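> Predicted coordinates and the sequence they were generated for:
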Amino acid sequence: MNKAEKENKEKELIENYVEKFKQELIVGGFSKRTLKMYLCYVNEFLNFIKKDPPKVERADIIKFMAHKVEQGASDSTLALVYSALRHFFKEFLRSDIMEEIKRPRKGKKLPVVMTKEEVKKILDVTKRKRDKLILMLLYSSGLRVSEVTKLKVRDLNLAEKTAMVRGGKGNKDRLVILSEQWVKEIKKYLAGRKVRSEYVFCKGNGAPISVDSIQRMVRKARIKAGINKNVTPHSFRHSFATHLLEAGENIRKIQELLGHSNLSTTQIYTKVSTEELKKVRSPLDNL
């Protein structure tokens with residue numbers, strides 16, 4: 001077998017494994033984003049080691065992880081690479097090789113949270129009605145940006161000021177609250193919209209708005225509002241949770257509204273909430 005034939009055989013082997021792994025993920029109900037990332041990293045790994053997967057050794061995985069570090073991969077990327085490989089070996093190949101490898105430590109970075117004044121500034125500079133309603137929803141209901149793009153008109157219960165998020169993270173459905181102010185505005189917006197679409201927010205052809213479009217929208221509004229923080233669509237969700245906590249709302253209710261499986265995930269907002277800290281009197285002022 002010459003070099004070209006060998007390379008073609010290796011390529012075919014990798015493509016075969018990746019395709020079967022893809023089918024496994026689809027049946028498992030993974031989100032499109034997770035599916036895309038898992039396939040990307042498993043494909044990259046297999047092309048890196050050039051081995052039949054059942055013959056992979058612990059050293060091969062460590063070498064690949066080290067390679068990703070040398071490439072400058074972030075902590076969150078390394079954690080995602082680890083999760084992809086763990087699922088590939090443990091769930092797909094039924095191998096326990098990943099049990100011998102420790103999960104990379106993720107740096108504990110506090111989320112970017114806006115003040116109420118900063119949220120107001122961003123809303124004030126956003127003049128286009130559809131865009132403003134999107135930003136209002138991100139902040140007032142704590143939705144993930146992908147959930148906003150998938151939200152359908154039939155999922156809204158405007159009378160009760162609630163909405164049903166279907167197939168959220170982990171493929172879970174959950175109930176979220178809607179702002180009274182947002183409900184008034186969305187009624188007028190939908191009544192006057194000329195485009196026919198099942199989606200609450202859509203393009204001119206009725207297709208759902210993209211995540212990229214909302215990310216660009218937020219970046220543009222942040223700059224226009226003169227805010228120097230690294231504000232992203234997810235910052236509105238972080239701000240929603242933090243401001244509810246500062247208002248004295250029960251953390252378990254916030255957990256349900258955000259769709260967190262574990263309370264520990266929601267508890268990070270107790271570390272970014274500063275209102276109670278501001279009330280502490282310095283001992284110097286009591287001398």
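Yep, it's here.
> On the strand side of things, show who the residue nearest to residue 198 when sequence neighbours are not counted bridges to.
Leaving aside its sequence neighbours, residue 198 sits nearest to residue 152 (C-beta to C-beta, 6 or more residues apart in numbering; 5.0 Å). C-beta coordinates here come from the backbone N, C-alpha and C atoms, glycine included. As for beta bridges, residue 152 partners with residue 199 under DSSP bridges.
> From residue 34, how far out is residue 152?
22 Å (C-beta to C-beta, to the nearest Å).
> higher neighbour count, those two?
Remark: of residue 152 and residue 34, residue 34 carries more neighbours, 19 against 14, as counted by other C-beta atoms under 10 Å.
> if I've got this straight, that one is in a helix?
Yes: secondary structure of residue 34 (DSSP: H, G, I helix; E, B strand; the rest coil): part of a helix.
> residues touching it, list them.
Contacts for residue 34 (C-beta atoms under 8 Å, 6 or more residues apart in numbering) come out as residue 25.
> gap between it and residue 128?
Relative to residue 128, and taking C-beta to C-beta, residue 34 is found at 32 Å.
> The stretch 51-200 of the chain: strands as residue ranges?
Taking DSSP state E, counting those that start in this stretch to define them, one finds strands in the stretch 51-200 of the chain at 156-157, 162-165, 174-177.
> Could you check how far the nearest residue to residue 224 once chain neighbours are set aside is from residue 110?
In space, and not counting its chain neighbours, residue 224 is closest to residue 125: 4.4 Å by C-beta to C-beta, 6+ apart. Applying C-beta to C-beta, one obtains 26 Å for the distance of residue 125 from residue 110.
> go on, residue 28?
Between residue 28 and residue 110 the computed distance is 32 Å (C-beta to C-beta).
> what about these two, which has more around it?
The neighbour comparison of residue 28 against residue 110 (other C-beta under 10 Å) goes to residue 28, with 13 against 10.
> quick one: low-confidence ranges for this structure?
Flagging of the chain using pLDDT under 70 yields the residue ranges 1, 5, 106-109, 168-171, 271-285, 287.
> quick one, helices of it?
Chain-ordered helices for the chain, with DSSP state H as the definition, fall at 3-27, 32-49, 58-70, 75-86, 116-125, 129-141, 145-150, 180-192, 211-224, 233-246, 251-258, 263-266, 269-272, 275-278.
> Understood, closing this out.
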